[in-house]
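# Quick one: sequence plus predicted model below, questions after.
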Amino acid sequence: MTEVGDGALVSNPYGLSLREAEVVSLLVGGRPGKDVAKLLQIDRREIARHRAAAMRKFRARNGSQLAHLVAVTGLTAFGLSVARLIEMGSIPLV
């Protein structure tokens with residue numbers, strides 16, 4: 001179980017890192033990779049690496065399958081909670 005900013009606990013059965021969950025949730029939420037990179041202040045190639053790692057961990061064959069699996073497992077809520085905290089400045093970006 002992982003605690004998110006609002007104190008809620010969520011399950012992370014696939015072992016995604018916090019950054020992978022952030023990236024995938026933002027991508028699944030419809031943000032383009034370029035925007036995600038800018039928001040998280042990381043290189044666009046890192047976005048691709050995090051997405052690839054998440055796909056590997058979920059054993060997803062494509063982006064649609066990844067989006068479905070992320071939504072079904074509830075990791076979307078986990079990642080979006082973290083992403084919202086970053087946007088609000090509550091979590092400093094290193």
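Okay, I see it. All values reported here derive from a predicted model rather than from experimental measurement. Numbering: from 1, shown residues only.

# Report how many residues lie close to the residue nearest to Ile47 when sequence neighbours are not counted.
Once flanking residues are discounted, Ile47 sits nearest to Gly33: 4.6 Å by CB to CB, 6 or more residues apart in numbering. The way it works is simple: take the backbone N, C-alpha and C, and place the C-beta from them, glycine included. A count of nearby residues for Gly33, using other CB atoms under 10 Å, gives 17.

# next one: phi and psi at Gly33?
phi -50, psi -40 (degrees, to the nearest 10).

# can you pull the contacts of it?
27, 44, 47-48, 51 (CB atoms under 8 Å, 6 or more residues apart in numbering).

# May I see the ChimeraX selection of the buried members of these?
Burial among the contacts of Gly33 is assessed by 16 or more other CB atoms under 10 Å; the matching ChimeraX selection reads:
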select :27,47,51
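
# Which members of the contacts of Gly33 define the maximum pairwise distance?
Leu27 and Arg44 (11.8 Å; CB to CB).
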